[in-house]
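Chemist: from the sequence below, what's the structure:
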Amino acid sequence: MTENKNYRTIHIIIPETDEEYDMLQEILSESRKRLPILEAMTKEERIEYFRRGLFPRKLDFDLDFGSTVIHVNTHFDQKSKENVIDRVRRVSDKIN
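Modeler: Presented below is the predicted three-dimensional model:
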């Protein structure tokens, strides 16, 4: 194995729905706008930037199904086989 530490990891994301595809396109578009700003920052500034603004919206929310309201608390499990969209659909299907 070589000692070169300049390798980059590439993660391939395959959207399964049009909704996921549109979301990824929006993320990529926003990322392209921020690249010049991020490139001008030091490593420490970039870390602070992402810590401060990675999730601009509150991740907990309410789903209103008429007479039933579900409060969703967001927690991340790296080993999960279900994405957020599928989980919300599954829960809403049980209610309806």
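
Chemist: which residues touch His75?
Modeler: Neighbouring residues of His75 by CB atoms under 8 Å, 6 or more residues apart in numbering: there are none. Backbone N, C-alpha and C define where each C-beta goes, glycine included.

Chemist: poorly predicted segments of this protein, please.
Modeler: 1-7, 53-59, 95-96 (pLDDT under 70).

Chemist: are we agreed that His71 is in a strand?
Modeler: Yes: under DSSP: H, G, I helix; E, B strand; the rest coil, His71 sits within a strand.

Chemist: give the bridge partners for it, please.
Modeler: Asp62 (DSSP bridges).

Chemist: pretty sure it sits against Asp60.
Modeler: Yes: if you go by CB atoms under 8 Å, His71 and Asp60 touch, sitting 7.1 Å apart.

Chemist: distance check, Glu20 against Asp60.
Modeler: Distance of Glu20 to Asp60, given as CB to CB, to the nearest Å: 21 Å.

Chemist: and those two? which has more neighbours close in?
Modeler: Taking other CB atoms under 10 Å, Glu20 and Asp60 do not tie; Glu20 has more neighbours (16 against 10).
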